[in-house]
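Colleague: Quick one, structure for this:
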Amino acid sequence: MTDATNQTREVSRLGLIVVALAALFWSAVSFVPPGPMHADEAVQWSLAKELSEGTPYSTHQDKFHGPTLATVLLISAKLTGTAPVDMTEHYLRSVVSIFLGLMAGAALILPGVGRSGRYATAAFVVLTGGCTPFGYYFVQEMLLVAGIVWGVASWMRAEQGPPASGWWSLSGVAFGFALACKVTAAAYLVLFLLALLVLRRFVPDRRWFGFGLGLIGAWVFFQSVGFTDFRGLATWWLQLARALGVASGRSEDTLLAVSLSPWGWAAAWLMVFALARGGFSRGAWRSRHEADLPCMVAGLVFLFHLALPYKTPWLLLLVFSLPLTIALPYLLVGRGFRVAALAPALVIVALMAKASLSSHSPTSDAVLRFQAQVARLAEAHGDKFFVAVDGGHYWPLPYYLRRYPVGYGDFPQAAKAPLRLIYATDASEPAVPGYGVSSLTLREGGDRYWVLVAKGHESVFIGK
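Modeller: Numbers count the residues shown, from 1 in each chain. Model (predicted):
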């Protein structure tokens, strides 16, 4: 049972003005020029590049995420005539920004709320990048979240129609798309169903058939790269097994939290929505409100990731985006004072959370200077130029060395490479005959390499 009063009133003019000003303020004070590619972004680019060269997704060594982002990038490459080696950081992130726009569009299909609230929310989402600093990153999470948001929004729209409504199938399609993006979506789907059990009455009718058909069909289509790689379906289960080990802390790839401050800010974010639902609106907590479903799903996702050892800020994108996109339109309805308090509160929490959310092992700006140095060295050597990289995790080197022949690991020609990178395991500088030595730090406190330049070309590399 929904709060009829909240559903029938429009957003006040004061509310619309405050929402617009809050979004514009965020855009003005939080804009930062794009930085170097994060390692996770570079991995996704590498997957797309190798798919474009004919490597099936199911045999790729880095198939630890779904093929959807790589497939979307290849479609974009076909439409724009852009080769993977010519894709700039801005190009890659622009592809993902399309899904930010799609996510914002989910607010437009919500039932029971006026157009002004829906359009104001959609604009707020786009202008603030989803109120997170990684809304434009070239990572699977943006596509995954867009799918989950559309799945929940389509379900809410379908509830206003008959069991035969096509919105049930669309909700399943959206969840299936998310499953093909990343196996984490399986946990989100379970938590969504759990929220439904708490807030809705289960009725076993044909809507579940439409939802399930859309879910399975979309997952098979996207996971098999448009029915071209059915082995990718088995790969999804391998991803799930690996994800269970990583999330539970039983894998060497588990990333433990350096700080829990991102989770603290996510909790504050959810608290703002809880106060808007029960405090600002003076609604009885036992009554059903349209904002309850997305907020409960976001809260369950938050608790799920909080309980697991594996923690990166990417995991909080759904916690921020789901209530923002789907709950906000319903909370903007009513008195201007409530809206005037809600929108600035969201912006304040998001701005204060920005530093901790964006500190997820960023790539050092030194990699951009290194890229320019390599270009000068390659021009001086001509066709005989190649690079040897020995040790480390490499990322995001494949992206920033994408225009040159590169050999990774130990191979016979490595000792003769004009440019060599040796992973630094300690502070002792190597002494290699025929080479000048400097260093390159990919991440502060992370991967560091010794850079060996063939004698006689040090000045070219340095730029003197």
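
Colleague: What ranges does the stretch 301-450 of the chain have for its helices?
Modeller: Ranges of helices in the stretch 301-450 of the chain, per DSSP state H, counting those that start in this stretch, are 317-322, 328-331, 336-357, 366-381, 397-400.

Colleague: scratch that, the stretch 1-150 of the chain is what I was asking about
Modeller: So, for the stretch 1-150 of the chain - with DSSP H, counting those that start in this stretch - the helices run 4-8, 13-30, 39-52, 68-80, 89-105, 115-128, 140-158.

Colleague: residues in contact with the fifth one?
Modeller: Outside of helix 89-105, the residues within contact range by C-beta atoms under 8 Å, 6 or more residues apart in numbering are 34, 36-37, 41, 45, 69, 72-73, 76, 82, 121-123, 125-126, 129-130, 135-139, 142-143, 145-146, 149-150, 321, 325. Placement of C-beta: from N, CA and C, glycine included.

Colleague: Which positions within it qualify as buried?
Modeller: Residues of helix 89-105 classed as buried by neighbour count (16 or more other C-beta atoms under 10 Å): E89, L92, R93, V95, V96, S97, F99, L100, M103, A104, G105.

Colleague: Please name whichever of the helices of the stretch 301-450 of the chain is nearest to S169.
Modeller: S169 lies closest to helix 317-322 among these, at 20.9 Å (C-beta to C-beta).

Colleague: Let me see the contact set for P344.
Modeller: V18, A22.

Colleague: That one and R250: what is the separation?
Modeller: 43 Å (C-beta to C-beta, to the nearest Å).

Colleague: What is the burial count for L368?
Modeller: Around L368 there are 15 other residues, counting by other C-beta atoms under 10 Å.

Colleague: surely it meets V374?
Modeller: No: under the criterion of C-beta atoms under 8 Å, L368 makes no contact with V374, lying 10.9 Å away.

Colleague: Touching both of these two, which residues are there?
Modeller: Shared contacts of L368 and V374 (C-beta under 8 Å, 6+ apart): Y400.

Colleague: hang on, the earlier thing: please identify which of the helices of the stretch 301-450 of the chain is closest to G456.
Modeller: Ranking those by proximity to G456 (C-beta to C-beta) places helix 366-381 first, at 9.6 Å.

Colleague: Can you list the buried residues in that closest one?
Modeller: V367, F370, Q371, Q373, V374, L377, A378, H381.

Colleague: before we move on, what about stretch 229-236?
Modeller: Buried residues in stretch 229-236 (16+ other C-beta under 10 Å): D229, G232, T235, W236.

Colleague: got it, and stretch 16-30?
Modeller: Buried residues in stretch 16-30, defined by neighbour count with 16+ other C-beta under 10 Å: L16, V18, V19, A22, A23, F25, W26.

Colleague: Same list, the residues you listed, but as CSV with pLDDT and distance to A355 please.
Modeller: Formatted as CSV, these follow (pLDDT from 0 to 100; distance: C-beta to C-beta, whole Å):
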residue, pLDDT, distance to A355
L16, 71, 30
V18, 79, 25
V19, 78, 24
A22, 82, 19
A23, 81, 20
F25, 80, 17
W26, 77, 15
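
Colleague: Buried subset of the contacts of helix 89-105, written for ChimeraX?
Modeller: Selection of buried members from these for ChimeraX, criterion 16+ other C-beta under 10 Å:
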select :36,37,41,45,69,72,73,76,121,122,123,125,126,129,130,135,136,137,138,139,142,143,145,146,149,150,321,325
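
Colleague: what's the offset of whichever strand or helix holds S459 from the middle of its chain?
Modeller: Here S459 sits within helix 458-462, counting by DSSP states H and E. In this view, helix 458-462 has its centroid 38 Å away from the chain centroid, taken as C-alpha atoms, centre = their mean, to the nearest Å.

Colleague: and what of stretch 356-371?
Modeller: The mean C-alpha position of stretch 356-371 is separated from the chain mean by 17 Å, C-alpha atoms, centre = their mean.

Colleague: repeat for stretch 153-172
Modeller: Centre to centre, stretch against its chain (C-alpha atoms, centre = their mean), the figure for stretch 153-172 is 26 Å.

Colleague: for it, how far is the first residue from the last?
Modeller: Chord length of stretch 153-172, first to last residue, is 11 Å (C-alpha to C-alpha, to the nearest Å).

Colleague: what residue ranges in the chain score low on pLDDT?
Modeller: For the chain, the stretches with pLDDT under 70 are 1-13, 15, 31-34, 61-64, 251-254, 257, 278-288, 334-336, 445-446, 463-464.

Colleague: what residues are up against the residue lying closest to S261 once chain neighbours are set aside?
Modeller: Excluding the flanking residues, the one nearest S261 by C-beta to C-beta, 6 or more residues apart in numbering is S356, at 4.1 Å. Residues in contact with S356 (C-beta under 8 Å, 6+ apart) are S259, S261, P262, W265, P313.

Colleague: No further queries at this time; thank you.
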